[in-house]
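> have a look at this prediction, sequence included:
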Amino acid sequence: MAALLLSIGLLPWMLALLGATTEWWRPAFAIFCHQLPDRSLSFRGHDMLVCSRCAGIFAGLSLGALLPLSRAMRHHGRALVIGAIALNLVQAASQLALPYWHAPRLLCGLAFGWAATAFFIASLRAEAETETPAPVEEPTCAETELELSDGSCVPVGVPADACAEGFKARDGGCNPVLPPDPCPPGLTASSPSAPSYRWAIR
Amino acid sequence: MIGGVAASIPVLNLLNMCFCLLFMVGAVIGVSMYLSEHPQEQLSDSDGAIIGAIAGATGGAVAAVFGIILGWVLSSVLASIYGSIYGFLPPVLLSAMAHGMGRGILMIPVNIIVAGGFGALAGFLSLQLFFKERRKQ
């Protein structure tokens, strides 16, 4: 969009500077501007295709596309546009009493074109940033590890030092410590810490 | 489309004295119509720009075509008056009419692109200035 507005803004200026045949191009801009000769700038003896205020607006489109509002200034964009419109209205009203001066018309048009376009481009960029999903972070831990909130990795399962008495850590779990030989019939292991046999109560 | 038709009419075209007013108004009407047809919908800035661009481009195309037709009709009327007075039509006049129409047709894409760009800007501004409560935050 910025490239399109930049191109549109440059079009009447480029045509004027290149001395393009106004007879050919004039109808293309007739629907956008009144094209009154006394309110238009002249280049090389030819009137521009748009009046001086519209020429300023077109230049403002290009300027706004190149210099959009910053993130902080974007919140003042609405006020900037309203201010630029008010400036143009005041300047237009002053023309009722004063002669047509191209410079203020051009500058007021430029102010409106820049404010509107700079606000527009900044808003589109901000919207694109909020809609872009957050980049997926590559996992730093191995497949058999778990990432803690502090960023450290621990293996899945019960930690080796967390097994209860009588159990021994093994393969991420806790295995009971049993007597070396199976208990004889009628007996069961008595103490996990010192395995021996005792009568089982039935 | 409303802005386009108005912009192609010679006297109404003077309303463009204020910042391409007709196309701005056309895009604002476009956004307004969309919002009234979709009362529950919130629009983002880019949605407003797209609606404005469509309204502007349509207006630009309509203005160009309508302008060509209007120009042709007015030229024909002038030519018939000239013919009735002098009894013939000079080739220069016929050539000018044909060239005028050809130029108008060639400029239709330029009208659509420029009007679309202005429409996008106007659609965005209308959402920011006139339909703030319907703007997606």
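That came through fine. Numbers count the residues shown, from 1 in each chain, chains lettered A, B, ... in the order given.
> just how off-centre is the lengthiest helix in chain A within its chain?
Secondary structure of chain A per DSSP state H: the longest helix is helix A:102-131. What separates the centre of helix A:102-131 from the centre of its chain is 17 Å, taken as C-alpha atoms, centre = their mean, to the nearest Å.
> elements contacting the helix or strand following that helix?
The helix or strand immediately downstream of helix A:102-131 is strand A:145-147, counting by DSSP states H and E. The helices and strands touching strand A:145-147, judged by 3 or more C-beta pairs under 8 Å, 6 or more residues apart in numbering or on different chains; DSSP states H and E, are strand A:153-155. Quick note: C-beta positions are derived from backbone N, CA and C, even for glycine.
> what sits up against the following helix or strand past the strand it packs on?
Heading C-terminal from strand A:153-155, the first helix or strand you meet, by DSSP H and E, is strand A:167-170. The contact list for strand A:167-170 (C-beta atoms under 8 Å, 6 or more residues apart in numbering or on different chains) reads A:158-163, A:174-177, A:192.
> residues in contact with the nearest residue to A:G109 once chain neighbours are set aside?
Spatially, and ignoring its direct neighbours in sequence, A:G109 is nearest to A:G56 (2.5 Å; C-beta to C-beta, 6 or more residues apart in numbering or on different chains). Residues near A:G56 by C-beta under 8 Å, 6+ apart: A:105-113.
> buried residues of stretch B:110-126, list them for me.
B:110-126 (16 or more other C-beta atoms under 10 Å in any protein chain shown).
> actually stretch A:109-124, not the one I typed
A:109-124.
> domain ranges for chain A?
A:2-131, A:158-197 (automatic domain parsing).
> check the offset of the shortest one from the chain's centre.
A distance of 59 Å separates the centroid of the chain from that of domain A:158-197, by C-alpha atoms, centre = their mean.
> mean confidence score for it?
For domain A:158-197, mean pLDDT rounds to 76.
> what ranges does chain B have for its helices?
B:2-8, B:21-37, B:45-86, B:91-106, B:108-129.
> before we move on, the earlier item: name the helices or strands packed onto the longest helix of chain A?
helix A:2-17, helix A:52-66, helix A:77-94, helix B:45-86, helix B:108-129.
> swap the cut-off to 7 Å and go again
For helix A:102-131, the elements it packs on are helix A:52-66, helix A:77-94, helix B:45-86, helix B:108-129, judged by 3 or more C-beta pairs under 7 Å, 6 or more residues apart in numbering or on different chains; DSSP states H and E.
> pLDDT below threshold where in chain B?
Applying pLDDT under 70 to chain B flags residues B:1-20.
> name the residue most distant from the centre of it?
Taking C-alpha atoms, centre = their mean, the residue of chain B most remote from its mean C-alpha position is B:G87, at 37.3 Å.
> give the contact list for the closest residue to B:G56 other than its chain neighbours.
Once flanking residues are discounted, B:G56 sits nearest to B:G119: 1.6 Å by C-beta to C-beta, 6+ apart. If a contact means C-beta atoms under 7 Å, 6 or more residues apart in numbering or on different chains, then B:G119 has B:23, B:27, B:52-53, B:55-57, B:59 as its contacts.
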